[in-house]
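Visitor: structure for this input, please:
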Amino acid sequence: MQYGLKWNPNPPITVPQLVAYALATGVYTVLAWISMVVAPIQIPGVGGLFIAMGFGVPFAMWFGGWGMVMGFIGTTIGAGVLAGLPLPISMAFGVGDIILFGSLLLLYRGLSKRFGVDPIGKDVFTRKGFIFFFIVAANIPHILGSVYGTALLYAAGFVPQNMIAVTFLAMWVGNIIVVTIVAPILLRLLGPVVERMGLTNFGIVT
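Guide: Reported below is the predicted structural model:
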């Protein structure tokens with residue numbers, strides 16, 4: 001079966017898949033919290049280097065729509081509640097990860113076949129694979145996520161108007177650095193293993 005964007009193309013979901021999604025959510029949540037604890041900039045909900053994102057991108061590419069669920073839970077709890085933010089604001093940050101990982105999934109699954117690259121990034125260390133990954137996975141979704149996150153922080157009163165550009169750049173560039181360094185290693189080394197074990201998701205949700 002080819003990877004795509006169909007809803008529930010191959011039911012039912014398996015127990016190993018559920019375990020993998022739960023473990024990924026746990027890892028992402030802990031890393032999101034660590035990212036807030038070691039954040040070098042004092043802006044609520046923003047880490048200078050959001051370490052969790054380097055793992056979240058491969059998780060979303062492998063697990064499809066479940067990666068969006070992982071992002072929402074992980075950011076809401078790890079980067080929100082555990083970081084001392086009110087629950088409504090924390091959940092709003094979680095929505096930002098749905099936007100980020102959702103756009104990543106749509107772009108990567110939707111365009112990979114047209115551009116002749118692997119839909120779950122196993123070819124990320126080839127020239128074509130890396131260029132596609134850098135544009136589609138390490139840049140575009142994070143621009144969208146950073147715009148949303150910055151607007152949310154401004155609306156909530158955490159960021160003054162004169163810090164909007166700085167906040168956006170901190171979120172965007174920080175994610176580019178982390179994703180470009182961490183995610184390709186995971187995609188290349190663990191992607192084939194995750195696929196061989198039957199843990200990848202062929203559509204939006206299975």
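Visitor: do you know how far the residue nearest to residue 159 when sequence neighbours are not counted is from residue 93?
Guide: Among residues not flanking residue 159 along the chain, residue 153 sits closest, at 4.3 Å (Cβ to Cβ, 6 or more residues apart in numbering). All C-beta atoms are positioned from the backbone trio N, CA, C, and that covers glycine. Distance check for residue 153 against residue 93: by Cβ to Cβ, to the nearest Å, it reads 9 Å.
Visitor: tell me the buried residues in the strand or helix carrying residue 185?
Guide: Assigning secondary structure by DSSP states H and E places residue 185 in helix 164-196. Buried residues in helix 164-196, defined by neighbour count with 16 or more other Cβ atoms under 10 Å: 167-168, 170-172, 174-180, 182-184, 186-188, 191, 194.
Visitor: show me what that helix is packed up against.
Guide: Helix 164-196 is packed against helix 52-63, helix 127-136, helix 140-155, with contacts defined by 3 or more Cβ pairs under 8 Å, 6 or more residues apart in numbering; DSSP states H and E.
Visitor: run the angle between that helix and helix 140-155 for me.
Guide: Taking axes from the mean of the first three to the mean of the last three Cα atoms, to 10 degrees, one finds that helix 164-196 is oriented at 140 degrees with respect to helix 140-155.
Visitor: and the helices and strands packed on helix 164-196: which comes nearest residue 198?
Guide: Using Cβ to Cβ as the measure, helix 52-63 is the one of the helices and strands packed on helix 164-196 that comes nearest residue 198, at 11.3 Å.
Visitor: which strands and helices sit next to the closest one?
Guide: Checked by 3+ Cβ pairs under 8 Å, 6+ apart, helix 52-63 has helix 15-37, helix 65-74, helix 87-115, helix 164-196 packed alongside it.
Visitor: mind listing what the most far-flung residue of the chain relative to its centre touches?
Guide: Checked against the mean C-alpha position of the chain, the extreme residue using Cα atoms, centre = their mean is residue 162, at a distance of 27.8 Å. Residue 162 sits next to no residue when contact means Cβ atoms under 8 Å, 6 or more residues apart in numbering.
Visitor: could I get the pLDDT score of it?
Guide: What the model reports for residue 162 is a pLDDT of 90.
Visitor: distance of it from residue 100?
Guide: Summarising the geometry, the distance separating residue 162 from residue 100, computed by Cβ to Cβ, is 25 Å.
Visitor: now residue 36
Guide: 17 Å.
Visitor: the more surrounded of these two?
Guide: Neighbours of residue 36 and residue 100, each counted by other Cβ atoms under 10 Å, are more numerous for residue 100; the result is 27 against 22.
Visitor: residues touching the more buried one, list them.
Guide: When contacts are counted by Cβ under 8 Å, 6+ apart, residue 100 is found next to 71, 141-142, 144-145, 148.
Visitor: mind running it again at 6 Å?
Guide: Residues touching residue 100, when contacts are defined by Cβ atoms under 6 Å, 6 or more residues apart in numbering, comprise 141, 145.
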